[in-house]
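> Give me a model of this one.
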Amino acid sequence: MKSRNPIDLFRIIPLDIIRRPRVSKEKSNLRPGSLLYTGKKKDEKIHLQTMVFNGDSCEEQEVESIDALKKLDLNGKTLWLNVTGLHNVALIEEIGRHFDILNIVLEDVLNLGQRPKWEEYDDYFFQVCKMVMTHSEKIKHEQFAMVVGKDFIVTFQEDKQDIFDGVRNRLRNPKGKIRSRKPDYLAFALMDVIVDHYIIIIEMYGDRIDELENELLDNLGSNFIHRLSTLKKEVNWLRRTVRPIKESVINFNKSPSSLIDKKTSPFLKDLLDHATHLTENVEVYMVELKDLLDHYNNQMNNRLNDILKVLTIFSVIFIPLTFMAGIYGMNFEYFPELSYKYAYPIFWGAMLTVAAGMIYYFKRKGWL
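The predicted model follows:
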């Protein structure tokens, strides 16, 4: 993969995203199943995009209300409703009533700090996870949720930009296998795209780790530890995110639900392989970052030890010289050597001999 400029990849996940999710005071006072949007308040319109398809056709449009949704011809077809925007709680609740979705599920949809998970109910199964994507050389993050029933799939996301254009194009293609499959296969296809984007992004982090390792070995920069700490924090955020995604894929793969077709099982196993590969890569990179930090600390300790060794040697050499100078610097009246003609050069010769002898001794010992 092409190496990128460090400024493009450091702090690519904003700090407000990688903070641990906290329960708001409003939410803590509500009964279970109460709907509360935990994101930022917005005024934008919520978009309801539909794709109604079967093996013969695929029709897509944006509906303005639930009443318009009810008028769609779904006879023998599958409905994919993509809800963009979660801030209109009343509309989300109305969608839940239309598809008979429990409020405890919608509560998780509206909670943007929800831990990724997969849950199974009588008439549908539910998946919520973090969706990441690259945008303008940065990494964008948002929550993604989907409810999959017998003949429908409802997906919820915060912003209009997503990573599912490839899936939509496959649905538009008359020869696409995905059109003749049940909603569980579409759910697999969406999860597969999410996992693949995680793999792409974690490989970008792998490139940055390699660059840091080369910098540590060749020319250690002054802000190395800051960039290393930032990268470690971001990879740790990814680890906290991808671990539950793997758990969700395992539950998806092992589910005995009648909503999951046997023909989808081989694809779910392949998805599990990708999720396993993703989690293993994240763990490997966390270990590499820890090793880099240990290596950095060892280098700093070695440098400090070298400095202390030089300072100690200088101190040890000057201790006897200081002692000799201190003796002959005392203001006693009778110093026999003071009246001797060659006392001064002899004194200097004695000091130089002591210093040279100590340096020679240190070299013989391998201390220099």
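> For the stretch 51-200 of the chain, just list every one of the strands.
Assigned by DSSP state E, counting those that start in this stretch, the stretch 51-200 of the chain shows strands spanning 58-63, 78-84, 117-120, 125-135, 138-148, 152-157.
> Out of those, the one nearest Met330 is which?
The closest of these to Met330 is strand 138-148. By Cβ to Cβ, the value is 72.3 Å. In short, each C-beta sits where N, CA and C put it, glycine included.
> Tell me the strands beside that closest one, with direction?
In the sheet, strand 138-148 lines up against strand 125-135 (antiparallel), strand 152-157 (antiparallel) (DSSP bridges).
> in which helix or strand would I find the residue nearest the centre of the chain?
Central residue of the chain (Cα atoms, centre = their mean): Leu238, 2.7 Å from the mean position. Using DSSP states H and E, Leu238 maps to helix 224-254.
> residues of that helix that come out buried?
Under the neighbour-count criterion of 16 or more other Cβ atoms under 10 Å, helix 224-254 has 224, 227-228, 230-232, 234-235, 237-239, 241-249, 252-253 buried.
> re the thing from before, out of the strands paired with strand 138-148, which comes closest to Asp291?
strand 125-135 (25.2 Å).
> can you give me how far that closest one is from the chain middle?
When distances are taken as Cα atoms, centre = their mean, to the nearest Å, strand 125-135 is centred 13 Å away from the chain's centroid.
> CA atoms of that strand as PDB?
Extracted C-alpha coordinates of strand 125-135, given in PDB (Å, rounded to 0.1, in the frame of the first residue of the first chain):
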ATOM      1  CA  PHE A 125     -32.600 -10.100  14.100                       C
ATOM      2  CA  PHE A 126     -30.700  -6.900  15.000                       C
ATOM      3  CA  GLN A 127     -27.200  -5.800  14.400                       C
ATOM      4  CA  VAL A 128     -25.500  -2.600  15.600                       C
ATOM      5  CA  CYS A 129     -21.800  -1.800  15.000                       C
ATOM      6  CA  LYS A 130     -19.400   1.100  14.200                       C
ATOM      7  CA  MET A 131     -18.900   1.800  10.500                       C
ATOM      8  CA  VAL A 132     -15.700   3.500   9.400                       C
ATOM      9  CA  MET A 133     -14.700   4.900   6.100                       C
ATOM     10  CA  THR A 134     -12.000   7.100   4.500                       C
ATOM     11  CA  HIS A 135     -13.000  10.600   3.600                       C
END
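> how close does Phe347 get to Ala355?
Per Cβ to Cβ, to the nearest Å, Phe347 is found 13 Å from Ala355.
> and Leu48, that's in a strand?
Yes: using DSSP: H, G, I helix; E, B strand; the rest coil, the assignment for Leu48 is a strand.
> got the contact list for the nearest residue to Phe99 once chain neighbours are set aside?
Closest residue to Phe99 apart from its sequence neighbours, by Cβ to Cβ, 6 or more residues apart in numbering: Val154 at 6.0 Å. Residues near Val154 by Cβ atoms under 8 Å, 6 or more residues apart in numbering: 80-83, 95, 99, 101, 146-147.
> Make JSON lines out of those and add distance to Met330.
JSON lines is the format used below for the contacts of Val154 (distance: Cβ to Cβ, whole Å):
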{"residue": "Trp80", "distance to Met330": "98"}
{"residue": "Leu81", "distance to Met330": "98"}
{"residue": "Asn82", "distance to Met330": "93"}
{"residue": "Val83", "distance to Met330": "92"}
{"residue": "Ile95", "distance to Met330": "96"}
{"residue": "Phe99", "distance to Met330": "99"}
{"residue": "Ile101", "distance to Met330": "96"}
{"residue": "Met146", "distance to Met330": "90"}
{"residue": "Val147", "distance to Met330": "94"}
